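Chemist: Dropping a prediction and its sequence here:
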Amino acid sequence: MKPSNYECLILGTGNAVIHPERKGPGFLLNWEGRYLLFDIGYGTMSELLSHQLSYKDLDALFLSHWHIDHISDLLPTLFVANIPTFHRERPLPVFAPVGFKKVFSQLCNIFGQWINGTFRLRIIECHPDIQMQWNNIDISCYKMAHSASALGYRLQSNEKVFAYSGDTEKISLLKDLFQGVDLGIIECSFPDNMGLPGHLNVTDVIELLQDISYKKMALCHLYTPARLENIRQNFNKAGLKNIVIPTKGEIISF
Ligand SMILES: [Zn+2]
């Protein structure tokens, strides 16, 4: 990734089903030269290394929620930083739903200094109705319909808008989250004839995108990668353009 571009490196396209080629959810944004990571699923930190980057390069982490597949590389990352050559000096800002401070303190009760020793997480709990500013980026979060406190994030600067849904089922707030984005990353867990509460399927995503404007949308968290061609055809038939179903390691410019 080049400095100061608007790019998203796909570190993992998968979900809770462990898969060697897909990994867990993880999306690294290069936003004007800052590295912002959205979710830190299993395998995402090793994928980062294949792009000559590491957790030492991260400027902020955004957690959509704390289901295991979305946070599973966090503890190993904190643990390895205890080894002297792997130290990270600067604290890492972590934007997370309300409640994550408590979750992390419970983890610290179990693992102690092994995860809370060398570098500190600076946890910023995000309230859906309060807009934040961080390094000239406007950050809004939206309450998603998934686990109790799951959030979607929308980032905006003078030039670009980016949004990430995390996990959710269909709700009208998704229109506010994704309206006018340069790049959106949206979960699309299931094909149109399948579904589970708390997740979107192809029909849900098509109906949403037909109602908003966007420049580029990437589909993630798919449970049925074998049906990719079918899913692509559904979006084509609906007349929706600029839909990307990325593979791990892909870089999307926006
Ligand atoms: Zn989840």
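Modeler: That came through, no problem.

Chemist: Show me what from this protein comes close to the ion.
Modeler: The chain comes close to the ion at residues 67, 167, as judged by C-beta under 5 Å from the ion. C-beta here means a position set from N, CA and C on the backbone, and glycine is covered the same way.

Chemist: Which single residue of the stretch 1-150 of the chain approaches the ion most closely?
Modeler: When scored by C-beta to the ion, the stretch 1-150 of the chain has residue 67 as its residue closest to the ion, at 3.4 Å.

Chemist: Just want the phi and psi numbers for the closest residue to that residue other than its chain neighbours.
Modeler: With C-beta to C-beta, 6 or more residues apart in numbering as the measure, residue 147 is the residue that lies nearest to residue 67, at 6.2 Å, once sequence neighbours are left out. Phi and psi for residue 147, reported as degrees, to the nearest 10, are phi -70, psi 170.

Chemist: who's in contact with residue 147?
Modeler: Residue 147 sits next to 65-67, 167, 198 when contact means C-beta atoms under 8 Å, 6 or more residues apart in numbering.

Chemist: Report the strands that pair with the strand or helix carrying residue 138, each with its relative direction.
Modeler: Using DSSP states H and E, residue 138 sits within strand 137-143. Using DSSP bridges, the strands paired with strand 137-143 in its sheet are strand 132-134 (antiparallel), strand 151-156 (antiparallel).

Chemist: can you redo those as TSV with mean neighbour count and mean pLDDT?
Modeler: TSV is the format used below for the strands paired with strand 137-143 (neighbours: other C-beta atoms under 10 Å; pLDDT from 0 to 100):
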stretch	mean neighbour count	mean pLDDT
strand 132-134	12	97
strand 151-156	23	98
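
Chemist: contacting residues for the residue in the stretch 151-254 of the chain that the ion sits nearest to?
Modeler: Using C-beta to the ion, the closest approach of the stretch 151-254 of the chain to the ion is made by residue 167 at 3.8 Å. By C-beta under 8 Å, 6+ apart, the contact set of residue 167 is 64-65, 67, 70, 144, 146-147, 150, 187, 189, 198-199, 221.

Chemist: longest helix anywhere in this protein?
Modeler: For the chain, the helix reaching the highest residue count under DSSP state H is reported as helix 100-111.

Chemist: Could I get the average pLDDT for the very next helix or strand once past it?
Modeler: Next along the chain after helix 100-111, taking DSSP H and E as the criterion, comes helix 113-116. Within the predicted structure, the mean pLDDT of helix 113-116 is 89.

Chemist: packing partners for helix 113-116?
Modeler: Counting contacts by 3 or more C-beta pairs under 8 Å, 6 or more residues apart in numbering; DSSP states H and E, helix 113-116 packs against helix 74-80, helix 100-111.

Chemist: residues in contact with the last one?
Modeler: The contact list for helix 100-111, computed with C-beta under 8 Å, 6+ apart, reads 63, 66, 75, 79, 94, 115-116, 121, 123, 125.

Chemist: ok, 10 Å please
Modeler: 63, 65-66, 71, 74-75, 78-79, 94, 96-97, 114-117, 121, 123-126, 149 (C-beta atoms under 10 Å, 6 or more residues apart in numbering).

Chemist: What are the buried residues along it?
Modeler: When burial is assessed from 16 or more other C-beta atoms under 10 Å, helix 100-111 yields the following buried residues: 100, 103-104, 107.

Chemist: Please apply the same query to the shortest one.
Modeler: Under the neighbour-count criterion of 16+ other C-beta under 10 Å, helix 74-80 has 74, 77-78, 80 buried.

Chemist: what distance separates it from the middle of the whole chain?
Modeler: Its chain's C-alpha centre lies 18 Å from the corresponding centre of helix 74-80 when counted by C-alpha atoms, centre = their mean, to the nearest Å.

Chemist: So which residues of this protein form helices?
Modeler: Secondary structure of the chain (DSSP H): helices located at 44-49, 68-71, 74-80, 100-111, 113-116, 173-178, 202-210, 228-237.
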